[in-house]
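In: quick check, what structure comes out for this input:
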Amino acid sequence: MFNILKFLKRYNPILLFVILEVLSIVMIVNSQPYHKRKMVNVSNEMSGKLFELTSQCNAYFHLKEENDRLSATNAMLMNMLGAADVVNDSVTTVWGNGIQLSDSLSRNSFYCFIPAHVIDNDIYNIHNYILLDKGSKDGIEIDMGVISDNGIVGTVSNVSRNYSSVISVLNPYTVVSAMFKDNKHLANVKWDNMDYRFGVVEDIPSHLVINKGDTLLTSGFSGSYPPDIMIGEVEDILPSDNEDFTRARIRFSTNFSTLRNVYIVKNNFKQELDSLKIY
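Out: Down below sits the predicted model:
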């Protein structure tokens, strides 16, 4: 105890300076949007490097699972590329680090997909975020959708040069425009704020018959996700305070606890579509 007091007495001016300096930086960052944005980007870069090293270690123990998944994905892409070449007699191309099916398809398709790796992933917090190893140098922009082989993942919320952070579907701020596969009726999907495996479907008219196992897909109306991307299946029908609408619990098709490889969605016509919207 005596040594601690002696240390504090000796270095008191230095400690006071450090504390005041930290408080000043915090106040500047919180009061100025520009500085706050810069601090977030720097934080993403620093944490990105750390999480990337951790992720590489974790990935070593999932090599067989990842190889199986990548093989299945590659087979699917090769089938699509083969079909596109036969129909369009065109040469396949690559946009940045993302895959496009063909020259003719890329000019007429709404979307192309940029592969990325998850280097950090929250699933047990209220506001869950995912960190990816792709950034502005790879063409990533805010509000781009993120999907996996199995379904939706989230939307890009912040971008630095080498990394991007994603607001996960497991976040109360995320609402996904969905559509029932069988009857094409629209609804909204949110996380249930409790379990990373489940979400809630809202705004279902009470006259619609909803059954366990019914499939929900993306509607494509948000512009972030292509249409017909898997969201999940109905698990249970929930009670509702409004007699005109029904709610249902769904099991997400994406397993967020094992998320490793994703695709960032680029909408090739987003700027043009946004210019036509009336706010």
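
In: packing partners for the lengthiest strand in the chain?
Out: Assignment by DSSP state E gives strand 111-121 as the longest strand of the chain. In this structure, strand 111-121 makes packing contacts with helix 33-60, strand 98-99, strand 129-132, strand 261-267, judged by 3 or more Cβ pairs under 8 Å, 6 or more residues apart in numbering; DSSP states H and E. C-betas here are computed from N, CA, C, even on glycine.

In: rank the ones you listed by pLDDT, which is bottom?
Out: For these, mean pLDDT drops lowest on strand 98-99, to a mean of 42.

In: contacting residues around the closest residue to Ser157 other than its chain neighbours?
Out: Distances taken as Cβ to Cβ, 6 or more residues apart in numbering put Ile167 closest to Ser157, at 4.5 Å, once the chain neighbours are dropped. Going by Cβ atoms under 8 Å, 6 or more residues apart in numbering, Ile167 touches Tyr129, Gly154, Thr155, Val156, Ser157, Tyr173, Thr174.

In: and the two most separated of those residues?
Out: Val156 and Tyr173 (13.5 Å; Cβ to Cβ).

In: in the stretch 101-250 of the chain, which spans are helices?
Out: 103-108 (DSSP state H, counting those that start in this stretch).

In: thinking again about what came up before, just the ones of the contacts of Ile167 in strands?
Out: Those of the contacts of Ile167 lying in strands (DSSP E): Tyr129, Gly154, Thr155, Val156, Ser157.

In: is the second one in a bridge, and if so with what?
Out: Pointing back at Gly154 there. Val146, Ser168 (DSSP bridges).

In: name all residues that make contact with it.
Out: Gly154 touches Ile130, Gly145, Val146, Val166, Ile167, Ser168, Val169, Asn171, Thr174, counting by Cβ under 8 Å, 6+ apart.

In: need the residues you listed in TSV (columns: distance to Glu21).
Out: Below are those laid out as TSV (distance: Cβ to Cβ, whole Å):
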residue	distance to Glu21
Ile130	32
Gly145	40
Val146	37
Val166	32
Ile167	32
Ser168	34
Val169	39
Asn171	33
Thr174	37
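
In: of those residues, closest to Phe198?
Out: Using Cβ to Cβ, these come closest to Phe198 at Val169, 10.9 Å.

In: now do the contacts for the closest one.
Out: Val169 touches Ile152, Val153, Gly154, Val176, Trp191, Gly199, Phe252, Thr254, Phe256, counting by Cβ under 8 Å, 6+ apart.

In: walk me through the domains of this protein.
Out: 2-59, 116-268 (automatic domain parsing).

In: where does the chain dip in pLDDT?
Out: 1-12, 15-17, 20, 24-26, 28-42, 55, 58-109, 278-279 (pLDDT under 70).

In: and the contacts of Gly154, which two are furthest apart?
Out: The most distant members of the contacts of Gly154, if one measures by Cβ to Cβ, are Gly145 and Asn171, lying 14.0 Å apart.

In: for the nearest residue to Met179 once chain neighbours are set aside, grab phi and psi.
Out: Leaving aside its chain neighbours, Met179 sits nearest to Ser219 (4.3 Å; criterion: Cβ to Cβ, 6+ apart). The phi/psi pair for Ser219 (degrees, to the nearest 10) reads phi -80, psi -30.

In: burial of Asp149, as a residue count?
Out: Asp149: 16 surrounding residues under other Cβ atoms under 10 Å.

In: quick revisit: more neighbours: which of Val156 and Tyr173?
Out: Val156 (24 against 11).

In: mind listing what the closest residue to Ser177 other than its chain neighbours touches?
Out: Of all residues not flanking Ser177 in the chain, Ser219 sits nearest, at 4.5 Å (Cβ to Cβ, 6+ apart). Neighbouring residues of Ser219 by Cβ under 8 Å, 6+ apart: Ser177, Ala178, Met179, Leu186, Pro227.

In: what about Met194, distance to Tyr124?
Out: 11 Å (Cβ to Cβ, to the nearest Å).

In: Asn193 now?
Out: 12 Å.

In: give me the more crowded residue out of these two.
Out: Asn193 (12 against 8).

In: which residues sit in contact with that one?
Out: Contacts of Asn193 by Cβ under 8 Å, 6+ apart are Ile126, Pro172.

In: equivalent analysis for the one 3 residues further on, please.
Out: With contact taken as Cβ under 8 Å, 6+ apart, Tyr196 is in contact with Ile123, Tyr124, Asn128, Leu170, Phe252, Phe256, Ser257.
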